[in-house]
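Peer 1: here you go, sequence then predicted model.
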Amino acid sequence: MSTRIAFLKGHGTENDFVIIPDPDNTVELPPAAVAALCDRRAGIGGDGLLHVVRSAAHPEARHLADRAEWFMDYRNGDGSVAEMCGNGVRVFARYLQRAGHVGEGDVAVATRGGVKTVHIAKAESGGEITVGMGKARLPEGDVTVSVADRSWPARNVNMGNPHAVAFVTDLSEAGHLYDPPPFSPASAYPDGVNVEFVVDRGPRHVAMRVHERGSGETRSCGTGACAVAVAAARKDGVDPAVTGAPVTYTVDLPGGRLVITERPDGEIEMTGPAVIVAEGEITSEWLETVLA
């Protein structure tokens, strides 16, 4: 007898996700199943998958249950596990709101990158969602990224997941970004890296493209936008920890616009939209078929 599994589809600045509500952590999602669900031709389609689980029900999040009721068990589009996804957190929070689990205001979300504080604005003020993304780490050492026969120096920024931020003169220089851009030294990113290519658009305003580890080029990347804002600030000679004043960058992505603020204590906030576009059901028979 077929079992029907609920799903939703959502996006944040066109970084799109399959959402699987599973409060008690009863749905098995091996990498092959996630990849099949995220397949844009034979599945539902998405850059990644948001597995919605109560923290107390997931072995990786039980220790966070006293701080955050809900755990974002995030997977890349190829089925691999990821520490964090900034756009995903906003869509995750929008789902919790839609399902009646939370209301407007603040909500804590557990992730593999730690507990994130999310603020859902009132609908009359635009309903955008702000995520406390934590602090950026800037590992020492030179990094280089390449496309075809060209190479650029890149800033190593860690937002709970690794990023290499390269400033270029034109975003077309990044090429197609289907495949991971080569980087060196290999020791800088032993588990792979998200690579951002960035151009200046004006004062405190940049635009970017990104290759997301495990997903290819995506229309948007929240942690990537945060990494880019931090790298751009340092390139511009600005460090809020030194000046004592927050700095805000507008980051344009192929899928929309995010606003990133870095505060003097190092905390970074990301504000942007999150939309649920559809919901439905899949059958366990289909999952069994793709896993056979």
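Peer 2: Noted; the coordinates are in hand. Numbers count the residues shown, from 1 in each chain.
Peer 1: contacting residues around Pro162?
Peer 2: For Pro162, the residues meeting the contact criterion (Cβ atoms under 8 Å, 6 or more residues apart in numbering) are 156, 189, 191-194, 213. C-beta here means a position set from N, CA and C on the backbone, and glycine is covered the same way.
Peer 1: identify the bridge partners of it.
Peer 2: Under DSSP bridges, the beta-bridge partners of Pro162 are Asn158.
Peer 1: what does the pLDDT read for it?
Peer 2: pLDDT, the model's per-residue confidence, is 95 for Pro162.
Peer 1: quick check, central residue of the protein?
Peer 2: By Cα atoms, centre = their mean, the chain has its centre lying nearest to Cys85, at 2.3 Å.
Peer 1: number of nearby residues for the spatially closest residue to it that is not a sequence neighbour?
Peer 2: Leaving aside its sequence neighbours, Cys85 sits nearest to Tyr74 (Cβ to Cβ, 6 or more residues apart in numbering; 5.0 Å). By the measure other Cβ atoms under 10 Å, the count of residues near Tyr74 is 22.
Peer 1: in what helix or strand does Tyr74 lie?
Peer 2: Taking DSSP states H and E as the criterion, Tyr74 maps to strand 70-76.
Peer 1: kindly report the same for Ala241.
Peer 2: Taking DSSP H and E as the criterion, the element that holds Ala241 is helix 240-243.
Peer 1: report all helices and strands that the following helix or strand past that helix contacts.
Peer 2: Stepping forward along the backbone from helix 240-243, the first helix or strand reached (DSSP H and E) is strand 247-253. Packing partners of strand 247-253 (3 or more Cβ pairs under 8 Å, 6 or more residues apart in numbering; DSSP states H and E): strand 205-212, helix 222-235, strand 256-262.
Peer 1: list the buried residues in strand 247-253.
Peer 2: Judged by neighbour count (16 or more other Cβ atoms under 10 Å), strand 247-253 contains these buried residues: 247, 249-253.
Peer 1: out of these, which comes closest to Leu49?
Peer 2: The shortest gap between Leu49 and any of those belongs to Leu253, at 20.4 Å (Cβ to Cβ).
Peer 1: which residue sits closest to that closest one, ignoring its sequence neighbours?
Peer 2: Of all residues beyond its chain neighbours, the one nearest Leu253 is Ser220 (4.3 Å), with distances taken as Cβ to Cβ, 6+ apart.
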